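Prediction below, plus the sequence it came from.
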Amino acid sequence: MLNRRKFLKKGILATIGSLLFPNFVYPQEPSSDSILEHKPNPSKWNDDQINIAWIGHSTVLINFYGTKILTDPVLLSRVGLYFIGTSLGPSRLTPPALKIDEIPKPDIILLSHAHMDHMDYPTLKKITAKYPNEIDAITAHLTKDVINDLKWKSLTSIDWGEKFEIQSVTFTALEVKHFGWRFPWEKDRSRGYFEDGRSYNAYFLEKNSKGILFGGDTTMTDKFNVIAGKEIEVAIMPIGAYNPWKHAHCNPEEALQMADSIGAKYFVPIHCKTFKQGSEPFEEPINWLKNSEKKYNIKLGLDTIGQTFTLS
């Protein structure tokens, strides 16, 4: 819990520093991966395919049979409090696989919850400024207020168990075991405020009788079992920041168990290799995932930021 709290507090400390000391520069960790080995090429994707490119952290670009969906976009060099036109907080350690100008216009932006490393206001502001009133967005219960001022085509919140169809894709909001406050003083469902607290979603996406699970952010839970038995081609699951933040984040073994238990055919990892949020070694989540995958009836779709999984 300590490291995650430090991660969230860094943005607050950086803001205070910038106000008190005009020349304040937040210390940065050296980049672990200045050049990525892989780079997605969405121009080669076809409308009869499922393509999933891992852009970084929990950001994936999905081509779901012609509908382009961007999840939890975090594409700038820092994440944290948005203040005077910039983000003040921790730096990313791995660059995004695609810059904002390299990402084709998303049809839909899908947001799991209001944490700053998932609902990044400056990234969303830049995307909506580039495509004003052209992008539909979906988010969790009582989180619209964070981004309501941006130029969306539509902004819809859906709650646990609710379905919403848009642009030929049906989205079902799924309950996960996490927490939702953006600032520590806010009401949050994990604290018992079920009606007036910020929520947090996973999503099940369906099109052409095929399904994709976007797991959002969660610790180990059986709540995904509500979609067991459906045609689930891919489970996109978080695997990082589990040590010592076990009460909010699953480890790679648990993520595999959850995906396997619902019958997903392929596994795509997220929520690692981008920011230093947990105390586990930076490479451990992916290495653990690769070593454990063989124990489950599921195949690893990709294992590196910048790679693309394709299913024709």
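All right, it came through fine. This is a predicted model, so every value here is computed, not measured. Residues are numbered from 1 along each chain as shown.

can you give me the helices in the stretch 1-150 of the chain?
2-20, 121-130 (DSSP state H, counting those that start in this stretch).

Flag whichever of those has the least confidence on average.
For the helices of the stretch 1-150 of the chain, mean pLDDT drops lowest on helix 2-20, to a mean of 42.

got any ranges where the stretch 1-150 of the chain has weak pLDDT?
Low-confidence segments of the stretch 1-150 of the chain (pLDDT under 70): 1-35, 83-89.

One more pass at 80, please.
1-35, 80-90 (pLDDT under 80).

how about the strands in it?
Remark: strands assigned in the stretch 1-150 of the chain by DSSP state E, counting those that start in this stretch are 50-56, 59-64, 67-71, 81-83, 86-88, 108-110, 136-139.

to the chain's geometric centre, what's the distance from the second one?
How far strand 59-64 lies from its chain's middle: 11 Å, per Cα atoms, centre = their mean, to the nearest Å.

okay, that strand in CSV with CA atoms only?
Below are the C-alpha coordinates for strand 59-64, written out as CSV (Å, rounded to 0.1, in the frame of the first residue of the first chain):
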residue,chain,number,x,y,z
THR,A,59,-3.6,1.8,-22.8
VAL,A,60,-4.5,-0.5,-25.6
LEU,A,61,-5.7,0.3,-29.1
ILE,A,62,-8.3,-2.2,-30.2
ASN,A,63,-9.6,-2.7,-33.7
PHE,A,64,-12.8,-4.7,-33.1
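
got the contact list for that strand?
Defining contact as Cβ atoms under 8 Å, 6 or more residues apart in numbering, one finds that strand 59-64 is touched by 40, 42, 45, 47, 49-55, 68-75, 96, 98, 103, 106, 169, 205, 207, 212, 214, 236, 268, 270. To be clear about C-beta, it is placed using only N, CA and C from the backbone, and glycine gets the same treatment.

Is it possible to mark the buried ones in those?
40, 45, 50-55, 68-75, 96, 98, 103, 106, 169, 205, 207, 212, 214, 236, 268, 270 (16 or more other Cβ atoms under 10 Å).

Relative to Leu174, how far out is Phe224?
Phe224 sits 7 Å away from Leu174, taking Cβ to Cβ, to the nearest Å as the criterion.

Oops, could you answer that again for Phe204 instead?
6 Å.

Tell me the residues that contact both of those two, please.
Both Phe204 and Leu174 are in contact with 213, 227, where contact means Cβ under 8 Å, 6+ apart.

before we move on, what SS does Thr172 have?
Three-state assignment for Thr172 (DSSP: H, G, I helix; E, B strand; the rest coil): strand.

which one is the most centrally placed residue in the chain nearest to, not counting chain neighbours?
The centroid of the chain falls nearest to Ser58 when counting by Cα atoms, centre = their mean (2.8 Å). Leaving aside its sequence neighbours, Ser58 sits nearest to Asp72 (Cβ to Cβ, 6 or more residues apart in numbering; 4.1 Å).

For that neighbour, give its distance to Leu311.
Between Asp72 and Leu311 the distance is 21 Å, computed by Cβ to Cβ.

Then Ile100?
Per Cβ to Cβ, Ile100 is found 26 Å from Leu311.

got it, and Trp288?
25 Å.

Between those two, which is the more surrounded one?
Neighbours per residue (other Cβ atoms under 10 Å) separate Trp288 from Leu311, with Trp288 holding more: 21 against 14.

residues of stretch 193-213 that come out buried?
For stretch 193-213, by 16+ other Cβ under 10 Å, it's 193, 197-207, 210-213.

so His115 touches Arg182, yeah?
Yes. Proximity of His115 to Arg182 meets the contact threshold set by Cβ atoms under 8 Å, at 6.6 Å.

who's more crowded, these two?
His115 (25 against 20).

Report the contact partners of that one.
180, 182, 217.

Relative to Glu280, which of these is nearest.
Asp217 (16.0 Å; Cβ to Cβ).

Quick check, that closest one in contact with His113.
Yes. Counting by Cβ under 8 Å, His113 is a contact partner of Asp217 at 6.5 Å.

what do these two both touch?
178, 200.

still on that earlier bit, as TSV, the strands of the stretch 1-150 of the chain with distance to Phe275 would be great.
Formatted as TSV, the strands of the stretch 1-150 of the chain follow (distance: least, Cβ to Cβ, whole Å):
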stretch	distance to Phe275
strand 50-56	9
strand 59-64	12
strand 67-71	16
strand 81-83	15
strand 86-88	12
strand 108-110	20
strand 136-139	21
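
nearest to Lys163, of those?
So among the strands of the stretch 1-150 of the chain, strand 136-139 is nearest, using Cβ to Cβ, at 11.3 Å.

chain center to the closest one, what's the gap?
Using Cα atoms, centre = their mean, the offset of strand 136-139 from its chain centre is 13 Å.

quick one: strands adjacent to the helix or strand just after it?
With elements assigned by DSSP states H and E, the helix or strand that comes after strand 136-139 is strand 154-157. Under the criterion DSSP bridges, strand 154-157 sits next to strand 136-139 (parallel) in its sheet.
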